[in-house]
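Chemist: Make a model of this:
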Amino acid sequence: MAAWDTESTGVIPVQRMRPGDHAFVSYEDDETAWGVLAAFARTGLTRGERVMLFPAPGVPDSEVLDRLDSWGPAAAAARRRGQLVLSSMRSLILPHRTFTPERQWEGITRETERAVRDGYQGFRAYIDMHWVADLGADIETMIYRETHADHLFDTAPYSEICAYDRRVFSREVLDAMAGAHPRNLLERLGSLHTEYAGGVARLAGDADLATRAAFTAALKAAMARTPAAGRLVVDLTDLHFLSVGCAADLLLAAGGAVEGRRTEVRCDAFQARTLRRLGADSLRGLVLAEVLDEAEKRAGVPVVGPVTDGRMRGAAEGPGEGSAQGRQP
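Modeler: Purely as a prediction, here's the structure:
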């Protein structure tokens, strides 16, 4: 679980962001912020999107590139070919010198259209909100911007992170901004977020050796809250990484459930292969509901089985080969 969290149910790891996502993240130390920025940029570059970074005013481009290169050597090359762009809010709203939401929206729309025209799969922006003080914008204007920006994401392949420094913004502002965003990000790479509501246990982030105890405790707590003849949904689709150990713990928990209880695991293809390899298909009362990712939807993969809040493949498929879900974009 992140050290500082909100009550939003839209919490995801940064690697799970997709076109159309508008996300809030906060940080209280620079290393944490750089980690999220680097993961966001690296994922976008890998997916063939143009990435525009708006670091805190005063941070030199050389430091941004050094930070990105520490996570991989591709940043400088991406910048040379125009896929990675370092910018500022002042530059985005030119020729104007005063910030308004409309001027920012116009700039983002222009850059999104340019990215698509240049052949990229989409456009994504990381915006450090230190620019607010730099341009003298007020909080009411920012809340209006965040709550009226849906048109940027509804039809265009655009995604955005708004990053708030908790050493600068008050808790009241942070709460308001977190609530204004459809998505909230885990602030630390490698962390795990768990929540339970309405018979659904949802897990997001990384389920690995470091978070295994929290992962298993969340499953046991959800099982304990499920009636003997009830149905528990375990949603893994917002996990960035699922280790073999955590997958085995999930099957042990499901296999030890009381007679009559049904457990449905919503998972992606990587997770499903891992669970089947560990024996998921042999457990009575366990159903794997494999959720199609965006690439599969575009490819027209046929859907079999229940449809709830997404397109799913049912558990009728045979055992597959595979290993733990990799940390991939």
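Chemist: May I see the buried residues of stretch 48-68?
Modeler: Within stretch 48-68, the residues scored as buried using 16 or more other Cβ atoms under 10 Å are 49-56, 59, 64-65, 67-68. (C-beta placed from N, C-alpha, C; glycine too.)
Chemist: For L219, state which of those is nearest.
Modeler: Using Cβ to Cβ, E49 is the member of these that lies nearest L219, at 34.6 Å.
Chemist: where do the helices sit along the stretch 101-250 of the chain?
Modeler: Remark: helices of the stretch 101-250 of the chain, listed N- to C-terminal, are 101-117, 131-135, 139-147, 150-154, 171-180, 212-225, 244-255; assignment by DSSP state H, counting those that start in this stretch.
Chemist: possible to save the ones you listed as CSV with mean pLDDT, mean neighbour count and distance to R81?
Modeler: Putting the helices of the stretch 101-250 of the chain into CSV (pLDDT from 0 to 100; neighbours: other Cβ atoms under 10 Å; distance: least, Cβ to Cβ, whole Å) gives the following:
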stretch, mean pLDDT, mean neighbour count, distance to R81
helix 101-117, 96, 16, 13
helix 131-135, 91, 16, 26
helix 139-147, 89, 15, 31
helix 150-154, 93, 13, 25
helix 171-180, 92, 16, 34
helix 212-225, 94, 16, 40
helix 244-255, 94, 19, 38
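Chemist: Isn't R47 up against Q121?
Modeler: Yes. Proximity of R47 to Q121 meets the contact threshold set by Cβ atoms under 8 Å, at 5.9 Å.
Chemist: so E146 sits right up against M177, yeah?
Modeler: Yes. E146 sits in contact with M177 when judged by Cβ under 8 Å, with a separation of 6.3 Å.
Chemist: Need the residues touching each of the two.
Modeler: C162 (Cβ atoms under 8 Å, 6 or more residues apart in numbering).
Chemist: And R183, how close does it get to E28?
Modeler: Between R183 and E28 the distance is 20 Å, computed by Cβ to Cβ, to the nearest Å.
Chemist: before we move on, what about N184?
Modeler: For N184, the distance to E28 under the criterion Cβ to Cβ works out to 15 Å.
Chemist: what does M129 give?
Modeler: With distances taken as Cβ to Cβ, M129 is found 14 Å from E28.
Chemist: overlap in contacts of those two?
Modeler: Any residue near both M129 and E28 by Cβ under 8 Å, 6+ apart counts here, and that gives D165.
Chemist: So the two - more neighbours on which side?
Modeler: For M129 and E28, the more surrounded residue by other Cβ atoms under 10 Å is M129, and the numbers stand at 22 against 12.
Chemist: Report the contact partners of the more buried one.
Modeler: M142, C162, A163, Y164, D165, F169.
Chemist: do T32 as well
Modeler: Applying Cβ under 8 Å, 6+ apart as the definition, the contact partners of T32 turn out to be E187, R188.
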